[in-house]
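Engineer: Here you go, sequence then predicted model.
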Amino acid sequence: MKKNRVEVLLYVMLALIGAISLMNIYIIQGRAEKVNEAKEIAKEFLRPAKLEVTKILLSDCEECFDIETALESIKKQNVNVTEERTIYLNENYAKEIIDKYNIEKIPTLIISGETNKTEQLKSFFGNIGDFPDEKNVVFTSLKPPYYDVTLSRVVGKVSVINVVDSLCEECIPLSQVADALKQSGVAITEEKTYEYFSSEGIGLINRFDISRIPAILISNEVNYYDVKEQIQQLAEEKNGFYALHATSAPYRDLKQGKVIGLVKIILLDDSSCGECYDVSINKQILPRFGVFVNEEEAYDVSSNEVRELIAKYNIEKVPALLLSPEVSEYPAFVQVWQSVGTIEGDGWYVMRKPESLGTYKDLASGEIVQVQ
């Protein structure tokens, strides 16, 4: 009886062992299948997306946006461009594609295939173009110049006209305006320069109500660029151009018929005061405020020429600096001047506080005042 029980227990144990073994086999097989499945998913994720690219180009616009740069940025993604086609705007097939995808700007790219294979790739294409359907992307992030399909012409080719006074060597040129536009990506495809007294210059002055020279005219094609807001803050559009003129002296004022902002300075010193600061320091400070010194005179207070000047402006301290009324064209300087000097009735600027720069001499007492 006991023997039968032992045999039964043995069979039961063997059956349990077999069942557990089968369960382990199933578990291992299940895990292996999941691992293989995960590997396949990872392999598919890493596989480059297969794409085909159609380029629509212009045959006669060298200045237009270089679509190849856009294509190169696409190829840097995890993609495999299996085919590239090139068609030109004047071809019938190009017109069919333009109508089909409602394309507004040329040159462009139509990217077809696995454009949404991964979320990352889908996001990339969403940032540079539009999805007319699930498998196609139209590149729209081109910058001017480009062909505007609605207007049937190339837009963004900017013309610049300079009106100058070459005889005014002191006048601040506006060439930096065109340079800044170029650096910001504006395509200046035509640039002309005329003297303000030439027939062309006079015509432009009358047409655009120019009152200061130099001046620069920028065509309204600049409206296709991001810098348009900055330009529109400086000037209003008139006759297809924005007219900007000199805002900082020196410049030629056409109404007054002369160059504005040419400053004369007079430096007063006392040779007997060895401790006094060097009067030339006054002159060295002026360029910081953009002041252009056209004429300079220097006197010692002991000279006969300066006595009348000292009496006229009641100058009590030296070193001193006097500036002609033209310096009023430099607002930054005028603002600072209020703390060191006065503006006389005849418009001259007279320094009153040399102590702001160093040791000075009191002319009334003859005392040398040391400034720490």
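Structural biologist: Okay, I see it. In this text the structure is predicted, and so the values were computed from the model without any measurement.
Engineer: For the rest of this, base every contact and every neighbour count on C-alpha atoms.
Structural biologist: Will do.
Engineer: who's in contact with stretch 273-286?
Structural biologist: Residues from elsewhere that reach stretch 273-286 (Cα atoms under 8 Å, 6 or more residues apart in numbering): 267-269, 292, 319-321, 333, 357-361, 368.
Engineer: try 10 Å
Structural biologist: The contact list for stretch 273-286 (Cα atoms under 10 Å, 6 or more residues apart in numbering) reads 265-270, 291-293, 296, 298, 318-322, 333, 351, 354-355, 357-361, 366-371.
Engineer: now swap in stretch 60-74 and tell me
Structural biologist: 53, 55-58, 75, 80-81, 106-109, 111, 121, 124-125, 128, 139, 141-147, 154-157, 187-189.
Engineer: and these, which are buried?
Structural biologist: Neighbour-count burial (16 or more other Cα atoms under 10 Å) is assigned, among the contacts of stretch 60-74, to 53, 55-58, 80-81, 106-109, 111, 121, 125, 139, 142-147, 154-157, 187-188.
Engineer: Keep only those of those that are in strands.
Structural biologist: By the criterion of DSSP state E, membership of those in strands covers 53, 55-57, 80-81, 106, 108-109, 111, 139, 146-147, 154-155, 188.
Engineer: quick one: which of these is nearest Ile216?
Structural biologist: Nearest to Ile216 among those: Ile188, at 13.0 Å, using Cα to Cα.
Engineer: sorry, back to before: what subset of the contacts of stretch 273-286 is buried?
Structural biologist: Using 16+ other Cα under 10 Å as the burial test, these include 265-270, 291-293, 318-322, 333, 351, 354-355, 357-361, 368 as buried.
Engineer: Among the residues you listed, name the ones in helices.
Structural biologist: Phe333 (DSSP state H).
Engineer: where are the low-confidence patches of this structure?
Structural biologist: Along the chain, segments meeting pLDDT under 70 span 1-12, 14-15, 18-19, 21-22, 24-45.
Engineer: So it: which segments form each domain?
Structural biologist: 51-148, 156-253, 261-369 (automatic domain parsing).
Engineer: how about those domains in JSON lines, adding distance to Ile20?
Structural biologist: Shown next, in JSON lines, are the domains of the chain (distance: least, Cα to Cα, whole Å):
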{"stretch": "domain 51-148", "distance to Ile20": "42"}
{"stretch": "domain 156-253", "distance to Ile20": "73"}
{"stretch": "domain 261-369", "distance to Ile20": "91"}
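Engineer: give me every residue that touches Val154.
Structural biologist: Leu58, Cys61, Glu63, Cys64, Lys105, Ile106, Pro144, Pro145, Tyr146, Tyr147, Asp148.
Engineer: Name the nearest residue to it, ignoring sequence neighbours.
Structural biologist: Closest residue to Val154 apart from its sequence neighbours, by Cα to Cα, 6 or more residues apart in numbering: Tyr147 at 4.1 Å.
Engineer: got the contact list for the one you found?
Structural biologist: Residues in contact with Tyr147, defined by Cα under 10 Å, 6+ apart, are 57-58, 61, 64-65, 89, 104-108, 153-156.
Engineer: please redo it, this time with the cut-off set to 8 Å
Structural biologist: Neighbours of Tyr147 in contact, by Cα under 8 Å, 6+ apart: Leu58, Cys64, Lys105, Ile106, Pro107, Arg153, Val154, Val155.
Engineer: and what of Glu355?
Structural biologist: Val371.
Engineer: measure it to Ala298 for me?
Structural biologist: When distance is defined by Cα to Cα, to the nearest Å, Glu355 is 20 Å away from Ala298.
Engineer: Which of the buried ones among the contacts of stretch 273-286 fall in strands?
Structural biologist: Using DSSP E, the buried ones among the contacts of stretch 273-286 in strands are 265-269, 292-293, 318, 320-322, 351, 360-361, 368.
Engineer: ok, these vs Ser198, which is closest?
Structural biologist: Of all those, Ser198 sits closest to Phe292, with 27.1 Å by Cα to Cα.
Engineer: show me where the stretch 201-350 of the chain has helices.
Structural biologist: Listed in chain order, the helices found in the stretch 201-350 of the chain under DSSP state H, counting those that start in this stretch are 228-234, 280-285, 304-313, 331-337.
Engineer: residues touching the residue most central in space within the chain, list them.
Structural biologist: Centroid-nearest residue in the chain, with Cα atoms, centre = their mean: Ser184, separated by 4.7 Å. Residues near Ser184 by Cα under 8 Å, 6+ apart: Val227.
Engineer: Would you mark the buried spots in whatever helix or strand Ala70 lives in?
Structural biologist: Using DSSP states H and E, Ala70 falls within helix 67-75. By 16+ other Cα under 10 Å, the buried positions in helix 67-75 come out as Ile67, Ala70, Leu71, Ile74.
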